[in-house]
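*Asks:* can you look at this prediction? I've put the sequence above it.
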Amino acid sequence: MRKKTIQELTIIDNFMFGAVMMIPENCKEFLERTLGIAIERMEISKEKSIVYNPEYKGIRLDIYAKDENNTHYNVEMQALKVADIMKRSRYYHSQLDMELLLSGNSYKNLPETYVIFICDFDPFGQGKYRYTMKQVCEEAPELELDDGAHTIFLSTKGENPEEIPKGLVTFLEYVKAPLAESEKDFQDEYIAKLQDSIKSIKVSREMGARYMTFQELLADEREQGRVEGRVEGQVKGILTLLCDVGEVSPTLSERILQEKNEETLKKWLRLAAKVETITQFQENM
């Protein structure tokens, strides 16, 4: 699959979205449109948000920010449809809370948190541009769990423009627009600012170098994932074959599970397919 050049990116691409939203004013207005609130000041955490510098470990594709009221926000661009997006929202909330608790907060002082997904698909199939999720009591639906954790899913596939602010609809139309269409005049000052930000990013030599680093890191991560998948499959195969010939002791099982060398696992897999007893396997490992 051919990789996009930085000139081919639009805001829906993770690198570009992160780079654009690292500008506090851009992130601030996005949140104001999404939540219908006024924000005075926005602080983006560079260490926990999208980073394309080799001195940092890992790839972070989300935006992590807080406002003047210490409300914390995690924004995630989700271009591809995934089946576990609701579980992902739970994970992101847990990461926010853990970070805040480790910073010295007690439970009672945990601030309001928002996890927001921008989806280029309809996550719930109801034709809504915005899904604001709440937890309610089954026995008394009028009771809400007011724990300060908020989850919002935005969809570019909405069909209810009359139910949400025009500015948010325009933003989501801009998100889903292909390259040529994304450069048109949307008759919206905020979208014009985003377009200017993208133009500046595309001509920046520094951002071009960061994008190349980002692509290399993604390639490394994908390769690591493939290796881990192969190792997991080999381990599962070995244990399955051995269980057919006898009882695998916890010690042997642990040794097999701890092995990460592919060549060793291939040897063990071939051996497990031939032996008639667990003892034979252990003697020839």
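*Replies:* Received, thanks. Small disclaimer: the values here were computed from a predicted structure and weren't measured.

*Asks:* residues near the residue lying closest to Arg230 once chain neighbours are set aside, how many?
*Replies:* Of all residues not flanking Arg230 in the chain, Glu262 sits nearest, at 6.4 Å (CB to CB, 6 or more residues apart in numbering). (C-beta placed from N, C-alpha, C; glycine too.) When counting by other CB atoms under 10 Å, one arrives at 12 neighbours for Glu262.

*Asks:* over to Pro111?
*Replies:* Using other CB under 10 Å, Pro111 has 15 neighbouring residues.

*Asks:* so what's it closest to, chain neighbours aside?
*Replies:* In space, Pro111 is closest to Asn70, 4.6 Å off (CB to CB, 6+ apart).

*Asks:* pLDDT value on the residue nearest to Arg230, please?
*Replies:* Glu262 carries a pLDDT value of 83.

*Asks:* returning to what we had before: can you classify the residue nearest to Pro111 by secondary structure?
*Replies:* Following DSSP: H, G, I helix; E, B strand; the rest coil, we place Asn70 in the coil state.

*Asks:* how near is it to Glu99?
*Replies:* 13 Å (CB to CB, to the nearest Å).

*Asks:* now do Asp122
*Replies:* According to CB to CB, Asp122 and Glu99 sit 31 Å apart.

*Asks:* and if you look at Ser45?
*Replies:* As judged by CB to CB, Ser45 and Glu99 stand 9 Å apart.

*Asks:* hmm, back to that, give the contact list for the residue nearest to Arg230.
*Replies:* Applying CB atoms under 8 Å, 6 or more residues apart in numbering to Glu262 gives the contacts 227, 230-231, 234.

*Asks:* point out where the stretch 101-250 of the chain drops to low pLDDT.
*Replies:* Applying pLDDT under 70 to the stretch 101-250 of the chain flags residues 103, 105, 220-222, 225.

*Asks:* can you name every helix or strand that the helix or strand Ile198 falls within contacts?
*Replies:* According to DSSP states H and E, Ile198 maps onto helix 189-203. In terms of contacts (3 or more CB pairs under 8 Å, 6 or more residues apart in numbering; DSSP states H and E), helix 189-203 is packed against helix 14-21, helix 24-35, helix 166-176.

*Asks:* what's the angle from the following helix or strand past it to helix 14-21?
*Replies:* The helix or strand immediately downstream of helix 189-203 is helix 205-243, counting by DSSP H and E. Helix 205-243 and helix 14-21 meet at an angle of 130 degrees, taking axes from the mean of the first three to the mean of the last three CA atoms, to 10 degrees as the criterion.

*Asks:* ok and helix 205-243 relative to helix 189-203, angle-wise?
*Replies:* Relative orientation of helix 205-243 and helix 189-203, computed by the same axes, to 10 degrees: 90 degrees.

*Asks:* list the helices and strands helix 205-243 packs on?
*Replies:* Under the contact criterion of 3+ CB pairs under 8 Å, 6+ apart, helix 205-243 touches helix 14-21, helix 250-258, helix 262-274.

*Asks:* list the buried residues for that helix?
*Replies:* Buried residues in helix 205-243, counted by 16 or more other CB atoms under 10 Å: 207, 210-211, 214-215, 217, 234-235, 238, 241-242.

*Asks:* good, wrapping up.
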